[in-house]
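S.K.: Here's a sequence, model it:
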Amino acid sequence: MYLFKYLALAALSLATVSARKASTTKFDTYFSKQASSAPFELDEKGYNELTTAPRDYSLAVLLTARDARYACGLCKEFDPEWNILGRSWQKGDKHGDHRLLLSTVDFDNGRNIFMKLQLQTAPVLLFFPPTVGPNAKPDSQPLRLDFLGPQTAEGVHNWLLRHLPAGGQYPTISRPINYTRIAVTVTLLLGAFTFLTVAYPYVLPVIQNRNLWAGISLILILLFTSGHMFNHIRRVPYVAGNGRGGISYFAGGFQNQYGMETQVVAAMYAILAFAAINLALRVPRIKDARTQQLAVIIWATVVFGMYSFLMSVFRIKNGGYPFWLPPF
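M.R.: A predicted model of the protein is given here:
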C-alpha cells in the first residue's frame, strides 16, 4: 500500500518536472527568436505550441492583418508601435528575467486561428498568463485587448504591465530618434528666423501702427458686444416668422436673439463709433469754419438718428421700456 503511494507520488513529481522542463524548453527556444527579432512572427504551429499548457511564462500575441488586401488601417497604424514595444522590451529584458514573449500572428499565416477565435476584426492583442510557477493564474484563458481606435506603444505597454506580476522593474518604452522630424524642425526654424530677419524692417512699422491695432480692437469689440458668441453657443436662427406672414428680425426678450439681429446691432454700434471718432478727431482738424460746422451737423444727425434707432430696437427687446426718440 505504501509502495503504491510512493510510486504514485514519484510518477506525479516526475510528470511535473517533465512538464516544467518542456515549458522551459519552449520558452528558451522562442526567446532566442525574440532576442534576434522582437516581436517575432508565429504561424499556426508555433501559436498552438506556445499557448498549450503548461506555461511558466507569459505570452502576448498580436493578431493582425497587415496586407493591403484586407484594408485594415488600424493594423498598419499599430504595426510600427508594436515593433517599438517589442524592441524596447528586447533591450530591457535581454536575459528573459520577466519571462514574457511578444509575438505576432498575421492573418495570412494563421487563418485557422482567426476562425477558431471567431475574430471579425483586427488587430486584437491576446495575453496568456502562466499556468505553472509562482505567478500562475487559476484561469488560463487569455486576456483580450480590442482596438477601438488607434493605440500607441505606451498604451499597450501599460495594459500589459497591469496583467504582469506586480513589483517588477519592467522595461520602458524607448522610441528611436526621429532624425527626419529633427531636420524638418531645424529647417523650419531657420527659415522662420531668416524670414523675420529680412522682413523685420517692413513688418515692424505695421506692427507698431496704432491705427491698425485700434481698428482691430474696435472690430473685436463690435463683434463680441453685438452677441456673436451667443449665436455660436446657442445656434440661433438667422430670422424667424412673426406669425402674420412676415419676417421678424429682432427677437423679444433678453435671452433670445436672431443672427441678423446681431449684424444689425453691430452695424449700429459701428456707425455710432465712427461718428463719435469723427466728431472727436477729424472735425476739430477742419480749418474752414463753415465746413467744420456742416460736418458737426452731419455727424451729430447721424448719432441722433442711430441712437433713436437703437432705442427703438431696445423697446422691441423690452416692451415695457418707456423712452423713445424721433424719428423711430
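S.K.: Show me the helices in the stretch 101-250 of the chain, by range?
M.R.: Remark: helices assigned in the stretch 101-250 of the chain by DSSP state H, counting those that start in this stretch are 111-117, 153-163, 179-207, 210-225, 228-234.
S.K.: So what angle separates the directions of the fourth one and helix 179-207?
M.R.: Read it as helix 210-225. Using axes from the mean of the first three to the mean of the last three C-alpha atoms, to 10 degrees, one finds that helix 210-225 and helix 179-207 are set 110 degrees apart in direction.
S.K.: Just the mean pLDDT for helix 210-225, thanks.
M.R.: Computed over helix 210-225, the mean pLDDT rounds to 87.
S.K.: Give the buried residues for that helix.
M.R.: Neighbour counts over helix 210-225 (16 or more other C-beta atoms under 10 Å) mark residue 222 as buried. Placement of C-beta: from N, CA and C, glycine included.
S.K.: Check stretch 121-137 too.
M.R.: By neighbour count with 16+ other C-beta under 10 Å, stretch 121-137 contains the buried residues 122-132, 135.
S.K.: nearest to residue 262, of the residues you listed?
M.R.: Compare each of the buried residues of stretch 121-137 with residue 262 using C-beta to C-beta and the shortest gap goes to residue 123, at 49.7 Å.
S.K.: confidence score at that closest one?
M.R.: On the pLDDT scale, residue 123 gets 93.
S.K.: what's the burial count for the residue nearest to it when sequence neighbours are not counted?
M.R.: Distances taken as C-beta to C-beta, 6 or more residues apart in numbering place residue 64 nearest to residue 123, at 4.2 Å, with adjacent residues excluded. A count of nearby residues for residue 64, using other C-beta atoms under 10 Å, gives 24.
S.K.: In this structure residue 64 contacts residue 122, no?
M.R.: Yes: at 5.3 Å, residue 64 and residue 122 qualify as touching, with contact defined as C-beta atoms under 8 Å.
S.K.: Mind listing the shared neighbours of these two?
M.R.: With C-beta atoms under 8 Å, 6 or more residues apart in numbering applied, the overlap between the contact sets of residue 64 and residue 122 consists of 72, 75, 107.
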